[in-house]
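Q: I'd like to go over a predicted model; first the sequence, then the structure.
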Amino acid sequence: MSPPRRVLIAHSGGDLYGSDLVCLRVAIGAREAGWDVDVMIPRHGALSEALEAAGIRSHILDPIVLRRSELRGARAALVPARWGKQLAALRQFSGRRRSDLVHSNTSMVLGGLWLARRWHVPHLSHVHEIFWQHRAVVGGVERLLVRSDAIICASKAVREQFRSPACRRRCRVAHSGVEVPDVLVATTPLMRAVPRVVCVGRLSDLKGQDLLIDAVHRCAANGQPMDLHLVGDVYAAEDQHKRRLQAQVRRLGLQDVVHFEGERRDVLRFVADSDVLVLPSRRPEAFGMALVEAMALARPVIASAAGGPLEIVTHGRDGLLVAPGSIRELADALRQLVDEPERARAMGEQARRRARSFTVAAMVDAVLAVYDEVADGRGRGGREGGGVRCV
């Protein structure tokens, strides 16, 4: 019997947000499918603990991650030295271990391609980002991605941002899957006198928590009080954004209304006890895993009508979509759900059924099909689909 094929998943984070959860779930699924799995992550944290609990080997080693926070100001001057040290560490690692396939989970991982080239094995990139900043940024990302044998996109919206024919030929869509334990019991939404609104995600300008705070303030001013719970925290180098949000709350007099929950290990249980989940992103989301998790729990949801959420929510049927950046539309959507609780609960039940389209099993199957494609030498955009169902 031949030994199992070995895959190295190189990931850019160490928490348990969207792409981190994909990393964990794909690692578990690949092992169950017979792959010998190694995961490389830059630091200890919630993800390394989850990998250890699942019996997955993890290596705490930075796979040369391109971090936006380090490309601004004086910190940019330190990047070459940091990358030099990390490259030396990767060179040592490559001499101790070898994989048959390298999977870079997020396009910010640069070292995965280097390792694949050093080992002369296939490489695939998994893109969880939409690069909205500038066309030149997308062009630069495309020039990097086209060096991969295949590109997994977390949604059609991720794929559609690319214009290079060579890049598009390599793209395969694998919607990020969610998992809600059967034992988790959800409350009936919108039964409280004061509805509990929850937003799950990194605290960042992109995620639009400040817009949601303003919308909740507008609702309160019109006689509809709500409790808002912000679940998640900032990146380590972006504490100033959290301070701005806290100052906004104080300025609006919402200290007893807006609750900063930080990172929680019981996010699903917290969402299951909420009334409405809101994803108020300013710019297109690559997908929206928190949105699907809430839908799986029959929560009425509100999301910005851009990017991945357009592939998840049908407006008026299983949720409400609002114009990105519109405080007025956010407030109107919140009031609509609260004023029509029976209709909102019916949306929640439709949302539960819709969420079944985005399972972890379906995502893992799609990713493993790409593993087989590139491992068998059918990548590089040669035969589009080549055993992979291209969405």
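A: That came through fine.
Q: Leaving aside the residues adjacent along the chain, what's closest to residue 265?
A: Nearest residue to residue 265, sequence neighbours excluded (Cβ to Cβ, 6 or more residues apart in numbering): residue 46, at 7.4 Å. Placement of C-beta: from N, CA and C, glycine included.
Q: try residue 26
A: Using Cβ to Cβ, 6+ apart, the closest residue to residue 26 is residue 367 (5.3 Å).
Q: Could you do residue 291 as well?
A: If you skip the residues right next to it in sequence, residue 291 has residue 279 as its closest partner in space, 5.0 Å away by Cβ to Cβ, 6+ apart.
Q: Quick check: beta-bridge partners of the one you found?
A: residue 303 (DSSP bridges).
Q: burial of it, as a residue count?
A: Other residues lying near residue 279 total 26 when counted by other Cβ atoms under 10 Å.
Q: swap in residue 224?
A: 16.
Q: Sketch out the low-pLDDT regions of the stretch 1-150 of the chain for me.
A: Within the stretch 1-150 of the chain, the ranges that satisfy pLDDT under 70 run 1, 68-78, 132-136.
Q: Now do the strand or helix carrying the residue nearest to residue 26: which elements does it pack against?
A: Following DSSP states H and E, one finds residue 367 within helix 360-375. On a contact count with 3 or more Cβ pairs under 8 Å, 6 or more residues apart in numbering; DSSP states H and E, helix 360-375 meets helix 18-32, strand 101-105, strand 123-127, strand 150-153, strand 171-173.
Q: immediately after the shortest one, which helix or strand?
A: What it means is strand 171-173. Assignment by DSSP H and E places the next element after strand 171-173 at strand 196-200.
Q: circling back: tell me which residues touch the residue nearest to residue 265, please.
A: Going by Cβ atoms under 8 Å, 6 or more residues apart in numbering, residue 46 touches 14, 15, 16, 20, 263, 265.
Q: related to what we said a few turns ago, would you mind measuring from the residue nearest to residue 26 to residue 174?
A: 5 Å (Cβ to Cβ, to the nearest Å).
Q: Common neighbours of the two, please.
A: Shared contacts of residue 367 and residue 174 (Cβ under 8 Å, 6+ apart): residue 152.
Q: could you pull out the helices for the stretch 1-150 of the chain?
A: In the stretch 1-150 of the chain, the helices defined using DSSP state H, counting those that start in this stretch lie at 18-32, 46-53, 79-96, 111-119, 135-145.
Q: buried set for the last one?
A: Buried residues in helix 135-145, counted by 16 or more other Cβ atoms under 10 Å: 138, 141, 142, 145.
Q: Look at the closest residue to the first one other than its chain neighbours and say how many residues are nearby.
A: With Cβ to Cβ, 6+ apart as the criterion, residue 138 has its nearest non-adjacent residue at 4.9 Å, and that residue is residue 131. When neighbours are counted by other Cβ under 10 Å, residue 131 registers 19.
Q: what's the answer for residue 194, then?
A: For residue 194, the neighbour count with other Cβ under 10 Å is 12.
Q: For it, give me phi and psi.
A: Backbone torsions for residue 194, taken as degrees, to the nearest 10, come to phi -120, psi 110.
Q: which residues does it contact?
A: Per Cβ under 8 Å, 6+ apart, neighbours of residue 194: 225, 226, 227.
Q: now it: how far from residue 299?
A: Taking Cβ to Cβ, one finds residue 194 at 16 Å from residue 299.
Q: Now do the nearest residue to residue 19 once chain neighbours are set aside against residue 291, distance only.
A: Nearest in space to residue 19, with sequence neighbours left out and distances taken as Cβ to Cβ, 6+ apart, is residue 128 at 4.3 Å. According to Cβ to Cβ, residue 128 and residue 291 sit 14 Å apart.
Q: Of the two, which one has the most company?
A: Set residue 128 next to residue 291 and count neighbours by other Cβ under 10 Å: residue 291 wins out with 29 against 26.
Q: quick one: that one from residue 314, how far?
A: Where residue 314 is concerned, residue 291 sits at a distance of 13 Å (Cβ to Cβ).
Q: do the same with residue 148
A: To residue 314, residue 148 is 33 Å away according to Cβ to Cβ.
Q: Compare those two (neighbour count), which wins?
A: Neighbour totals were compared for residue 148 and residue 314, and residue 148 leads with 27 against 13 (other Cβ under 10 Å).
Q: residues touching residue 286, list them.
A: Residue 286 sits in contact with 18, 127, 128, 129, 130, 154, 155, 157, 158, 307, 308, where contact means Cβ under 8 Å, 6+ apart.
Q: And the pLDDT for it?
A: We have a pLDDT of 95 for residue 286.
Q: before we move on, what about the one 4 residues further on?
A: Reading off the confidence values, residue 290 has pLDDT 95.
Q: Neighbours of it, how many?
A: Look at residue 290: counted by other Cβ under 10 Å, it has 27 neighbours.
Q: I figured it was touching residue 277, is that so?
A: Yes. Here residue 290 lies in contact with residue 277, judged by Cβ atoms under 8 Å, at a distance of 7.0 Å.
Q: which residues are common contacts for these two?
A: Joint contacts of residue 290 and residue 277 (Cβ under 8 Å, 6+ apart) are 200, 271.
Q: Just read off the phi/psi values of residue 245.
A: phi -60, psi -40.
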